[in-house]
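1. sequence? don't have it. structure:
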């Protein structure tokens with residue numbers, strides 16, 4: 001059964017305008033198109049546009065002036081009540097939605113909360129575009145934040161396989177400038193060598209263990225893990241949790257069960273690439289019953305790929321994601337996943353950085369927010385009930 005999409009339109013409008021504001025396409029103080037113009041542009045009703053605009057106002061991104069129109073909210077003066085952002089918060093250029101990463105959801109929340117606490121937020125994105133020199137861009141943004149004399153910076157270590165040292169270099173440069181640093185989601189290095197900076201995130205290992213256990217409880221024993229091409233501490237912890245769940249059931253997670261590649265390549269046209277061939281061969285030969293995907297975006301790519309190749313989900317193969325974020329509304333099966341509470345993560349991020357600004361000598365802390373397993377159709381939990389009722 002396809003998940004209802006009756007509330008999708010206003011969210012698409014919200015995400016589109018929000019993304020344009022955060023990318024700087026609409027500048028602070030700039031007047032936005034009227035609701036009639038937006039309704040025509042998005043082929044939507046005025047009430048639908050109005051709901052999206054109310055959501056943007058509630059997030060602190062826009063302000064409405066009686067008789068004048070709607071404007072992008074002005075940032076406060078740069079200075080000691082200013083925070084900075086150095087995050088991959090926008091999505092992969094091939095992503096369907098503008099808000100399909102945890103950071104795409106968290107940034108507007110952080111922006112609003114910063115304002116509530118009397119801080120402004122300088123938005124800086126390190127885009128995923130392959131044509132961008134990520135190291136050069138990251139260094140430029142870092143220096144810009146230092147020159148602005150911001151009080152603190154939210155930093156998500158960049159996913160760069162060949163330049164991992166840049167993350168340590170950036171964090172240390174900010175620290176030496178007397179700027180409080182809070183890492184989001186992951187540490188600078190591996191999980192066994194803790195950095196000296198606060199981290200706000202989730203228990204990735206325990207969450208992945210719970211997710212994998214759910215698939216095991218559905219009767220799956222041949223479970224593979226699909227990750228991205230770059231390792232991070234959060235991804236490694238998810239893999240560790242997946243392996244721990246299998247080990248608890250006496251199943252050895254061999255290296256052959258771990259697949260690391262960019263899932264966007266599954267959508268490419270032309271002859272099947274090596275990753276496509278490998279996945280289809282595993283399924284055809286009965287070597288895999290379920291995929292645990294590193295995030296929802298990867299899970300969506302995998303499900304679309306499977307369906308295009310005649311593999312039914314969950315009847316032939318089960319799939320689970322991670323994050324519980326807005327996903328492709330055309331997905332014909334609802335996705336089992338782990339929910340990261342973006343609003344709570346944003347709140348804890350703001351609370352932690354203000355605490356760090358006021359108490360710079362505190363030991364580094366791990367602030368972990370509890371996740372929730374969200375069981376839907378893709379893991380086959382409803383399949384057993386259907387079979388039982390038809391027997």
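-> Yep, that arrived. What you see is a predicted model; the values in this text were computed from it and never measured.
2. The host helix or strand of residue 355 - contacts with which helices or strands?
-> Using DSSP states H and E, residue 355 falls within helix 342-358. Here helix 342-358 touches helix 102-116, strand 152-155, strand 180-184, strand 198-201, going by 3 or more Cβ pairs under 8 Å, 6 or more residues apart in numbering; DSSP states H and E. Using the backbone N, CA and C atoms, a C-beta is placed for each residue, glycine as well.
3. right, and the ones you listed - which one's nearest residue 318?
-> Residue 318 sits nearest to helix 102-116 of all these, at 23.1 Å, using Cβ to Cβ.
4. The following helix or strand past the closest one - which strands sit beside it in the sheet, and in what orientation?
-> Going down the chain from helix 102-116, the next helix or strand is strand 120-122, by DSSP H and E. Strand 120-122 has the following sheet partners, assigned by DSSP bridges: strand 82-86 (parallel).
5. roughly how far apart are residue 210 and residue 336?
-> Distance of residue 210 to residue 336, computed by Cβ to Cβ, to the nearest Å: 11 Å.
6. In terms of neighbours, single out the busier of the two.
-> Neighbours per residue, other Cβ atoms under 10 Å: of residue 210 and residue 336, the larger number sits with residue 336, 28 against 16.
7. so what's that one up against?
-> By Cβ atoms under 8 Å, 6 or more residues apart in numbering, the residues touching residue 336 are 211, 214, 318-321, 373-379, 381.
8. again with residue 58
-> Listed by Cβ under 8 Å, 6+ apart, the contact partners of residue 58 are residue 112.
9. Residue 259 now?
-> 224, 225, 226, 227, 275, 278, 279.
10. which helices and strands does the host helix or strand of the first one pack with?
-> Right, the one you point to is residue 224. Per DSSP H and E, residue 224 falls inside strand 223-227. Other elements packing on strand 223-227 under the criterion 3+ Cβ pairs under 8 Å, 6+ apart are helix 204-217, helix 233-248, strand 258-260, strand 290-293, helix 296-308.
11. So which of the ones you listed is the most surrounded?
-> Ranked by mean neighbour count, the helices and strands packed on strand 223-227 are led by strand 290-293 with a mean of 29 (mean count of other Cβ atoms under 10 Å).
12. In strands, which of the contacts of residue 336 appear?
-> Using DSSP state E, 318, 319, 320, 373, 374 are the members of the contacts of residue 336 that sit in strands.
13. Measure how buried residue 357 is and give me the count.
-> Neighbour count of residue 357, defined by other Cβ under 10 Å: 16.
14. likewise the one 5 residues further on?
-> Residue 362 has 11 neighbours, counted by other Cβ under 10 Å.
15. Distance of residue 179 relative to residue 116?
-> In this view, residue 179 and residue 116 are 21 Å apart by Cβ to Cβ.
16. again, but for residue 213
-> Taken as Cβ to Cβ, the span from residue 213 to residue 116 is 38 Å.
17. and if you look at residue 81?
-> 13 Å.
18. Which of the two has more residues huddled nearby?
-> For residue 81 versus residue 116, neighbours defined as other Cβ under 10 Å are more numerous around residue 81 (14 against 11).
19. who touches the more buried one in this structure?
-> Contacts of residue 81 (Cβ under 8 Å, 6+ apart): 118, 119, 120, 151.
20. ok, now residue 69?
-> Taking Cβ under 8 Å, 6+ apart as the test, what residue 69 contacts is 31, 32, 34.
21. Is the first one in contact with residue 71, as I believe?
-> Yes: look at residue 31 against residue 71 with Cβ atoms under 8 Å: they come within range, at 5.3 Å.
22. before we move on, the earlier item: tell me, what's touching residue 210 and residue 336 both at once?
-> Contact with both residue 210 and residue 336 is made by residues residue 373, according to Cβ under 8 Å, 6+ apart.
23. What number of residues are in the vicinity of residue 283?
-> Using other Cβ under 10 Å, residue 283 has 18 other residues around it.
24. Any idea how far the helix or strand where it lies is from the middle of the chain?
-> If you go by DSSP H and E, residue 283 is part of helix 274-284. From the chain centre to the centre of helix 274-284 is a distance of 27 Å (Cα atoms, centre = their mean, to the nearest Å).
25. Just want the angle from it to strand 223-227.
-> Computed by axes from the mean of the first three to the mean of the last three Cα atoms, to 10 degrees, the angle separating helix 274-284 from strand 223-227 equals 170 degrees.
26. Buried residues in helix 274-284, which are they?
-> 275, 276, 279, 280, 282, 283 (16 or more other Cβ atoms under 10 Å).
27. and it, what does it pack onto?
-> With contacts defined as 3+ Cβ pairs under 8 Å, 6+ apart, the packing partners of helix 274-284 are strand 258-260, helix 296-308.
28. again, only this time at 7 Å
-> With contacts taken as 3 or more Cβ pairs under 7 Å, 6 or more residues apart in numbering; DSSP states H and E, helix 274-284 sits against no other helix or strand.
29. Let me know the average pLDDT across that helix.
-> Average pLDDT, helix 274-284: 90.
30. try stretch 334-347
-> According to the model, stretch 334-347 has a mean pLDDT of 95.
31. Off-centre distance for it?
-> On the basis of Cα atoms, centre = their mean, stretch 334-347 sits 9 Å off its chain's mean C-alpha point.
32. Quick check: end-to-end length of that stretch?
-> 28 Å (Cα to Cα, to the nearest Å).
33. Could you give me the buried positions within that stretch?
-> Residues of stretch 334-347 classed as buried by neighbour count (16+ other Cβ under 10 Å): 334, 335, 336, 337, 338, 339, 340, 341, 342, 345, 346, 347.
34. just for the stretch 251-391 of the chain, where's the confidence low?
-> Along the stretch 251-391 of the chain, the model assigns pLDDT under 70 to residues 328-329, 382-391.
35. Recalculate using a threshold of 80.
-> Of all residues in the stretch 251-391 of the chain, those with pLDDT under 80 make up the ranges 268-272, 326-330, 381-391.
36. Retrieve the pLDDT associated with residue 31.
-> Note for residue 31: predicted pLDDT of 90.
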